[in-house]
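Enquirer: sequence first, predicted coordinates after that:
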Amino acid sequence: MKFSRIAAALAGCLIAGSAFAQDVVRLGVANDRSGIYSDLGGLGSEIATRMAVEDFGGTVLGKKIEVIGGDTQNKVDIAGNMIRKWFDTQNVVALIDGGASSTGLAGVNIAKEKNRSAIISGGFAGNFSGAQCTNISTQWAPDTYALANAVVRGTIQQGGKSWYFITTDYVFGKTLEETAANFVKQEGGKVIGNTRHPLGATDFASYLLQAQSSGADVVGISSAGGDLINLIKQAQQFGLSTGKQKLLAFLVFINDVQGLGLNNAQGLSFPTAFYWDLNDDTRAFTKRWQEKTGYPRAPSMVQALSYIGTMHYLEAVKAAGTFDGDKVNAKMREMPVNSKLIKNAKVRPQDGRVIMDLYQVQVKTPAESKGPNDVYKVLATIPGDKVFVPLDKSECPLVKK
């Protein structure tokens, strides 16, 4: 038995060594291509990754860089099998995006096993840089702690004392609800109820009726993508968003706003790490991404972060002189994040959490908008060191308290 384990370990090392010796290395973009998150990540995230490879020069350490992609279908088993095959047979050296938090966490575990790298731009659960942090992964997507922190305090200060949550029943939604509920209690508010719906649900009537009858000041939606769009549309049909109760979302993408339409989305306020119309650099990136994709809409936060994270990873590979996951990620934590698309960004060495400024935005009214992608007013900049989880509260086992 002991000999078998040693033989298996040696075989794994030989496979990894031979993979790194090939003339081509690949980056694997795994995310939803056919479901409720396909617009916010999907092919657009893969193309953003390809843009980063192109801007980097197309080669690293003398090897050609290729990008491959695949559909996780938001299912852990499908994602796991696909990503494992990539690492074992396609010479994939890094996982990009990861898709939904559940599939992204599965991908991180496999990358850890293979000593490759995981650049998480699509997973927002705090687990990535919290309880399930690793030495080979970095979390670029703003996590549930930051999202809840940015939203809850200001809402309670404005009088939203009692809360009811409608939540997607998987790791992202549950983590976001739990974190937000803790902030509500810390700020002197109270949670008077919650209900959870399956991922990709279509009928939210019973959940909305329960929220409405609760009498809560705030109905917090711990859901995203297509679920969020359908929830808000149906909430308006029930009159929930026009009464005394305030409907509040934590994670909203430009795709969601355009799916809702400004008539339905106007007035929504939430944090984001990226908006296409912030400055000349974000506008230039957006124009090029639109030309590459053929999409008239602007890129989402996930798609922009896939580009930024890929660039930082390739720069770290070059500096480290290897594709070894442990060594590359150590270098990623040492190096500054040189991107003009986000501000004041750095990879925190202890847990791989990417710290960056967030923007509190509000959806414009139809009268304020000057075009299909002109949808946000930037209300404030939230400093990254004020909104992300401090190290003394981190659940990451790599953090020495």
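Expert: Noted; the coordinates are in hand. Residues are numbered from 1 along each chain as shown.

Enquirer: in the stretch 151-300 of the chain, what residue spans correspond to strands?
Expert: Listed in chain order, the strands of the stretch 151-300 of the chain (DSSP state E, counting those that start in this stretch) span 162-168, 190-197, 218-222, 246-249, 269-272.

Enquirer: ranking these by burial, who's on top?
Expert: strand 218-222 (a mean of 27; mean count of other C-beta atoms under 10 Å). Heads up, the C-betas are built off the backbone N, CA and C, glycines and all.

Enquirer: in JSON lines, list the strands of the stretch 151-300 of the chain along with mean pLDDT.
Expert: JSON lines is the format used below for these (pLDDT from 0 to 100):
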{"stretch": "strand 162-168", "mean pLDDT": "96"}
{"stretch": "strand 190-197", "mean pLDDT": "96"}
{"stretch": "strand 218-222", "mean pLDDT": "94"}
{"stretch": "strand 246-249", "mean pLDDT": "90"}
{"stretch": "strand 269-272", "mean pLDDT": "94"}
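
Enquirer: in a markdown table, list the ones you listed along with distance to residue 318.
Expert: Converted to a markdown table, these look like this (distance: least, C-beta to C-beta, whole Å):
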| stretch | distance to residue 318 |
| --- | --- |
| strand 162-168 | 39 |
| strand 190-197 | 45 |
| strand 218-222 | 39 |
| strand 246-249 | 39 |
| strand 269-272 | 30 |
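
Enquirer: looking at these, which is closest to residue 390?
Expert: Closest of the strands of the stretch 151-300 of the chain to residue 390 is strand 269-272, at 17.4 Å (criterion: C-beta to C-beta).

Enquirer: partner strands of that closest one, with direction?
Expert: Its sheet considered, strand 269-272 pairs with strand 358-363 (antiparallel) by DSSP bridges.

Enquirer: CA atoms of the helix or strand following the strand it pairs with as CSV?
Expert: For strand 358-363, the succeeding helix or strand toward the C-terminus, using DSSP states H and E, is strand 376-382. C-alpha atoms of strand 376-382 as CSV (Å, rounded to 0.1, in the frame of the first residue of the first chain):
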residue,chain,number,x,y,z
TYR,A,376,-24.7,53.9,-13.7
LYS,A,377,-24.1,57.0,-11.6
VAL,A,378,-21.0,56.6,-9.4
LEU,A,379,-22.0,57.8,-5.9
ALA,A,380,-18.8,57.1,-4.0
THR,A,381,-15.5,55.3,-3.9
ILE,A,382,-15.1,52.8,-1.1
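
Enquirer: quick one: residues contacting residue 99.
Expert: By C-beta atoms under 8 Å, 6 or more residues apart in numbering, residue 99 lies in contact with 30-32, 37, 41, 72, 74, 79, 122-123.

Enquirer: how near is it to residue 225?
Expert: The span separating residue 99 from residue 225 equals 11 Å under the rule C-beta to C-beta, to the nearest Å.

Enquirer: intersection of neighbour lists for those two?
Expert: Contact criterion C-beta under 8 Å, 6+ apart; residues shared by residue 99 and residue 225: residue 37.

Enquirer: let me see the domain layout of this protein.
Expert: Domain assignment for the chain, taken from automatic domain parsing, gives 2-142+279-356, 145-270.

Enquirer: possible to save those as a markdown table with distance to residue 363?
Expert: Compiled in a markdown table, these are given as follows (distance: least, C-beta to C-beta, whole Å):
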| stretch | distance to residue 363 |
| --- | --- |
| domain 2-142+279-356 | 14 |
| domain 145-270 | 5 |
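
Enquirer: can you show me the CA trace of stretch 142-161 as CSV?
Expert: What follows is stretch 142-161, C-alpha atoms only, in CSV (Å, rounded to 0.1, in the frame of the first residue of the first chain):
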residue,chain,number,x,y,z
PRO,A,142,-15.3,41.0,-4.4
ASP,A,143,-16.4,38.5,-1.8
THR,A,144,-19.5,38.3,0.3
TYR,A,145,-17.9,40.1,3.2
ALA,A,146,-17.1,43.1,1.1
LEU,A,147,-20.5,43.1,-0.6
ALA,A,148,-22.4,42.9,2.6
ASN,A,149,-20.2,45.4,4.4
ALA,A,150,-20.6,48.0,1.6
VAL,A,151,-24.4,47.6,1.6
VAL,A,152,-25.7,46.9,5.1
ARG,A,153,-24.2,49.7,7.2
GLY,A,154,-25.4,52.5,5.0
THR,A,155,-28.9,51.0,4.7
ILE,A,156,-29.3,50.7,8.5
GLN,A,157,-28.1,54.3,9.0
GLN,A,158,-30.9,55.3,6.6
GLY,A,159,-33.5,53.6,8.8
GLY,A,160,-33.6,50.0,7.4
LYS,A,161,-33.5,48.3,10.8
